[in-house]
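>>> Okay, predicted coordinates and the sequence, questions at the end:
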Amino acid sequence: MYCGLWATLEGDEADILVGGMSPNEADFTRLLAAWRAGDQNALEEVTDLAYRELRKIAVARLRGEGSHPSLQPTELVNEMFLRLLSADVPWRDRSHFYSLAARTMRRVLVDQARARKRQKRGEDPLKITLEDWHGGGSGSSTAGIVDVLAIDQALDALQNLDEGQAKVVELYFFAGLTFEEISKVTERSRSAVHRLVRSGQAWLVRQLRERPQGATT
């Protein structure tokens with residue numbers, strides 16, 4: 001009953017719809033409040049708004065899969081929404097929603113990557129594209145393609161060292177939140193968020209480079 005536009009947002013049509021239609025934070029929060037007050041129409045409206053933005057993120061993340069991806073953006077976002085809705089966690093505002101969405105997207109991708117690894121016996125791992133990823137060593141802002149299981153394990157290792165920094169990095173690269181939005185979610189200054197993202201990313205890049213080939217589970 002929460003499908004709204006989900007089934008019709010495919011390919012170029014979806015990319016046209018999401019362009020320039022990111023949900024306004026005040027409207028998003030207002031709709032969440034209305035839903036919590038019992039307005040089911042507000043839930044449909046907020047899920048449609050969020051779906052469009054999350055699908056745009058999913059399209060960007062799955063670019064590394066090439067022209068014949070095993071996982072479609074629509075599949076990824078639909079599974080995310082099923083998990084988000086079944087978790088029965090009240091979304092306080094837009095930033096809180098995307099904080100939950102970042103973790104959910106990561107978990108869905110990891111589950112898909114593990115299934116693919118079993119099917120293909122470790123070959124052709126699932127990869128995603130991370131925007132603004134300085135993995136090439138040039139210092140320029142470029143997109144980078146990374147192995148899902150490798151980046152997940154590296155993030156787990158970072159979390160063991162600094163849980164707060166791992167959360168900031170996850171929000172930036174998986175949910176696509178801006179420094180300002182992450183600042184609000186984590187109650188840190190924008191400059192602190194920027195520093196944590198860049199130092200965390202540099203740490204992850206080193207971890208990925210030093211990881212023995214095939215050392216993922």
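On my side now, so go ahead.

>>> going forward, measure contacts between C-alpha atoms and count neighbours the same way
Fine.

>>> what ranges do the strands span in the chain?
For the chain, the strands defined by DSSP state E occupy 127-130, 144-147.

>>> helices or strands up against the first one?
Secondary structure elements in contact with strand 127-130, counted by 3 or more CA pairs under 8 Å, 6 or more residues apart in numbering; DSSP states H and E, are helix 40-61, strand 144-147.

>>> Compile these into TSV and extend it with columns for mean pLDDT, distance to Arg30 and mean neighbour count.
Putting the helices and strands packed on strand 127-130 into TSV (pLDDT from 0 to 100; distance: least, CA to CA, whole Å; neighbours: other CA atoms under 10 Å) gives the following:
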stretch	mean pLDDT	distance to Arg30	mean neighbour count
helix 40-61	85	9	21
strand 144-147	86	36	18
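
>>> Those: which one's closest to Ala102?
In terms of CA to CA, the element of these nearest to Ala102 is helix 40-61, at 9.7 Å.

>>> other SSEs contacting that closest one?
Where contact means 3+ CA pairs under 8 Å, 6+ apart, helix 40-61 is packed against helix 11-18, helix 25-36, helix 73-86, strand 127-130.

>>> Send me that helix as PDB with only the CA atoms.
Listed in PDB are the C-alpha atoms of helix 40-61, where the atom choice follows Å, rounded to 0.1, in the frame of the first residue of the first chain:
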ATOM      1  CA  GLN A  40      -1.600   7.600   6.100                       C
ATOM      2  CA  ASN A  41      -1.700   9.900   3.000                       C
ATOM      3  CA  ALA A  42       1.300  11.800   4.400                       C
ATOM      4  CA  LEU A  43       3.300   8.500   4.600                       C
ATOM      5  CA  GLU A  44       2.600   7.800   0.900                       C
ATOM      6  CA  GLU A  45       3.600  11.300   0.000                       C
ATOM      7  CA  VAL A  46       6.800  11.200   2.000                       C
ATOM      8  CA  THR A  47       7.800   7.800   0.700                       C
ATOM      9  CA  ASP A  48       7.300   9.000  -2.900                       C
ATOM     10  CA  LEU A  49       9.500  12.000  -2.200                       C
ATOM     11  CA  ALA A  50      12.200   9.900  -0.500                       C
ATOM     12  CA  TYR A  51      12.000   7.200  -3.100                       C
ATOM     13  CA  ARG A  52      12.900   9.600  -5.900                       C
ATOM     14  CA  GLU A  53      15.900  10.900  -4.100                       C
ATOM     15  CA  LEU A  54      17.100   7.500  -3.000                       C
ATOM     16  CA  ARG A  55      16.800   6.100  -6.500                       C
ATOM     17  CA  LYS A  56      19.000   8.900  -7.800                       C
ATOM     18  CA  ILE A  57      21.600   7.800  -5.200                       C
ATOM     19  CA  ALA A  58      21.200   4.100  -6.100                       C
ATOM     20  CA  VAL A  59      21.700   4.900  -9.800                       C
ATOM     21  CA  ALA A  60      25.000   6.700  -8.900                       C
ATOM     22  CA  ARG A  61      26.200   3.900  -6.600                       C
END
